[in-house]
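Asker: Sequence and predicted structure are below.
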Amino acid sequence: MPDDRPDLAALIDMQIQQSGPMSIASYMGLCLTHPRHGYYRQGNAIGAAGDFITAPEISQMFGEMLGFYLVNLWQQMSQPKAFTLLELGPGRGTLMADVLRVARRAPGFAEAVNVELFETDPGLLAEQRIRLEACHPHWIQNFELAADTPLLVIANEFFDALPIRQFVRGKEGWHERLVGLGETGRVFGLSPTPIPATSLPPAVSDATEGEVYEAGLAANEVMTRLAKAVARRGGAVLTIDYGYAATQTGETLQAVRRHAYADPLAAPGETDLSAHVDFGILGDTARAAGLAVEPLATQGDFLSRLGIIARAATLARANPGEAATVNAALDRLTSPSQMGSLFKVFCAHSPGLQPQGFS
């Protein structure tokens, strides 16, 4: 029978009509994770035929470098006989497959690792089952369910997709930006009720009228849970994403569809929504839990320090016909004009560990 239930755009409009304008965080949450119509329920977002392409899909070298990084950390932790490797937002499973192809070569690693995945997209989960079947992964719904063993976490382009709230500095203080309805459809507007300045970080206290502050409350909640788990169990959290090192003002909410920027209000559930990550706040949260935090690195520097240039040369020599492709992928991953500077690498870890790639 045909599905005659309202689509996501109609559902959002009805909610606004009934309850008034909604926060951008509520809007993003509905657009991305609505149980039936959310973007991550549609599948096929990643890759040339989708809306965007991630680093693991560009080249196997990206995952291989992370494999070296993880083996080194595991060895620094005295090679525990059992530990958990958790990936947040594993996509098609490409990154974890490349990581494990390298890491499992280290004696004892394959026998010790327990692979866990946090995924909300049913279509991607099905691909992960196929690609990662040999490593017998477990899928979890929240971080508290992870096994109580040392914990290594990787998250590539995960935190940018978590909902944010936006606040705009007005003449009389800060006002939250909301999504409402206008004559032509969904529009952005401001709450008439000002937000006390003390509710926002001191770093934005000198903002001028019209400046925007984005609060990643969901990202901070996730980091709080991860940092507490790592502090208790030992290990590290590695996340790679676009963002900034210190809390600041700036509007970064964006929508992407078919590899091009789109209107974030135009097609709920049909476009990818994201915002830059405030790594300064995440670092403060990790330190509050007792973890050490490495200086933020660019993706280009991080991968280069791990040996990606030498790996590319080896691959090109072994596959002369693919040398141009390998070198193009290397440039895309590491060049400052492409992903090399835009993407940052954040690592919080148990005191005493010295993760590679940061100096």
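Answerer: Arrived safely, thanks for sending.
Asker: Run through the strands of the stretch 201-350 of the chain in chain order.
Answerer: 212-215, 235-244, 254-257, 260-262, 272-274, 277-278, 292-293, 297-298, 343-349 (DSSP state E, counting those that start in this stretch).
Asker: Check these for me: which has the lowest mean pLDDT.
Answerer: Comparing mean pLDDT across these, the weakest is strand 260-262, with a mean of 86.
Asker: Which stretch among the strands of the stretch 201-350 of the chain is buried most, on average?
Answerer: Across those, the average number of neighbours (mean count of other Cβ atoms under 10 Å) peaks for strand 277-278, which reaches a mean of 28. (C-beta placed from N, C-alpha, C; glycine too.)
Asker: Could you name the helices and strands sitting against that one?
Answerer: With contacts taken as 3 or more Cβ pairs under 8 Å, 6 or more residues apart in numbering; DSSP states H and E, strand 277-278 sits against strand 235-244.
Asker: could you redo the strands of the stretch 201-350 of the chain as CSV and give each row distance to Arg305?
Answerer: Listed next are those as CSV, based on distance: least, Cβ to Cβ, whole Å:
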stretch, distance to Arg305
strand 212-215, 30
strand 235-244, 14
strand 254-257, 29
strand 260-262, 32
strand 272-274, 27
strand 277-278, 21
strand 292-293, 17
strand 297-298, 8
strand 343-349, 10
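Asker: Please name the spatially closest residue to Arg332 (chain neighbours excluded).
Answerer: The shortest distance from Arg332 to any non-neighbouring residue, by Cβ to Cβ, 6 or more residues apart in numbering, is to Gln338 (4.9 Å).
Asker: Quick one: closest of the strands of the stretch 201-350 of the chain to Leu85.
Answerer: Of all those, it is strand 235-244 that lies closest to Leu85, at 9.4 Å by Cβ to Cβ.
Asker: quick check: angle from that closest one to strand 343-349?
Answerer: Interaxial angle, strand 235-244 versus strand 343-349 (axes from the mean of the first three to the mean of the last three Cα atoms, to 10 degrees): 150 degrees.
Asker: Now do strand 235-244: which elements does it pack against?
Answerer: Against strand 235-244 (3+ Cβ pairs under 8 Å, 6+ apart) you get helix 60-76, strand 83-88, strand 151-156, helix 217-233, strand 277-278, helix 279-288, strand 343-349.
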